[in-house]
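Chemist: can't give you the sequence, but here's the structure:
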């Protein structure tokens, strides 16, 4: 069952915000909510559209306003690289997101909890900070003492049909993942340029 806050957020910002909203059940419920004769919402202003894109990123990655602002500032100060690409790299390189992208967690929220509870080792060092910035070449392993935990049961069955993005890999036999490249933005759900424009005001 989709919780009311998430349901409202997905109806307002789009189903891509949460995994729970990317289901046939959510689509069916959303369709029922579109009653004939219902007043259509007005098209948002430029500021409103930018604000909506900012909220999409915040809810999608589960980060605070201050954290997102810091990612934008950091991306804006990097020379020689596109600002949007650098912003995307910063968001995707968060350790909780990497764990999620490898298919080890059903959602970014679950991945964040798993990292916070110390279930992962990065380059032979336990990391409990979800916002930890991983980089190309990093090796991420499930901690030896965590392999028997319930959250990792039947992992092979759960991720057998999962296709991770090209920039990460995960070996089931060794329970070891690796970042093989920089994150590449191939999604159309997030308008990063609109977010950068919002913060440039």
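Modeler: Noted; the coordinates are in hand. No experiment lies behind these values; they were computed from the predicted model shown.

Chemist: from here on, contacts and neighbour counts on C-alpha atoms
Modeler: OK.

Chemist: Next up, the contacts around the residue most central in space within the chain.
Modeler: The centroid of the chain falls nearest to residue 61 when counting by C-alpha atoms, centre = their mean (4.2 Å). Residues near residue 61 by C-alpha atoms under 8 Å, 6 or more residues apart in numbering: 91, 97, 108.

Chemist: Now stretch 175-186: buried residues?
Modeler: Buried residues in stretch 175-186, counted by 16 or more other C-alpha atoms under 10 Å: 175, 176, 177, 178, 179, 182, 183.

Chemist: okay, now residue 97: neighbour count?
Modeler: Neighbours of residue 97 under the rule other C-alpha atoms under 10 Å: 25.

Chemist: So it sits against residue 111, correct?
Modeler: Yes - Residue 97 lies in contact with residue 111 (C-alpha atoms under 8 Å); the separation is 7.0 Å.

Chemist: any idea which helix or strand of the chain has the worst average confidence?
Modeler: helix 24-33 (a mean of 53; mean pLDDT, DSSP states H and E).

Chemist: next helix or strand past that one?
Modeler: helix 46-61 (DSSP states H and E).

Chemist: Flag the shaky bits of the protein, pLDDT-wise.
Modeler: 1-42, 80-81 (pLDDT under 70).

Chemist: Show me what counts as buried in the helix or strand harbouring residue 109.
Modeler: Element membership for residue 109 (DSSP H and E) is helix 108-116. Buried residues in helix 108-116, defined by neighbour count with 16+ other C-alpha under 10 Å: 108, 109, 110, 111, 112, 113, 114, 115, 116.

Chemist: Relative to residue 125, which of those residues is nearest.
Modeler: residue 115 (12.4 Å; C-alpha to C-alpha).

Chemist: Surely that closest one touches residue 126?
Modeler: No - contact criterion C-alpha under 8 Å: residue 115 and residue 126 do not qualify, at 9.2 Å.

Chemist: all helices for this protein, in order.
Modeler: Remark: helices assigned in the chain by DSSP state H are 4-13, 24-33, 46-61, 65-76, 83-92, 95-101, 108-116, 155-159, 192-199.

Chemist: Quick one: residues contacting residue 136.
Modeler: So residue 136 contacts 179, 180, 181, 182 (C-alpha under 8 Å, 6+ apart).

Chemist: let's go with 10 Å and repeat that
Modeler: By C-alpha atoms under 10 Å, 6 or more residues apart in numbering, the residues touching residue 136 are 93, 167, 168, 178, 179, 180, 181, 182, 183.

Chemist: Run a quick neighbour tally on the closest residue to the fourth one other than its chain neighbours.
Modeler: With sequence-adjacent residues excluded and distances taken as C-alpha to C-alpha, 6 or more residues apart in numbering, residue 178 is closest to residue 139, at 4.6 Å. A total of 18 residues lie near residue 139 under the criterion other C-alpha under 10 Å.

Chemist: Quick check: residue 139 vs residue 125, distance?
Modeler: Using C-alpha to C-alpha, to the nearest Å, one gets 10 Å for the distance from residue 139 to residue 125.
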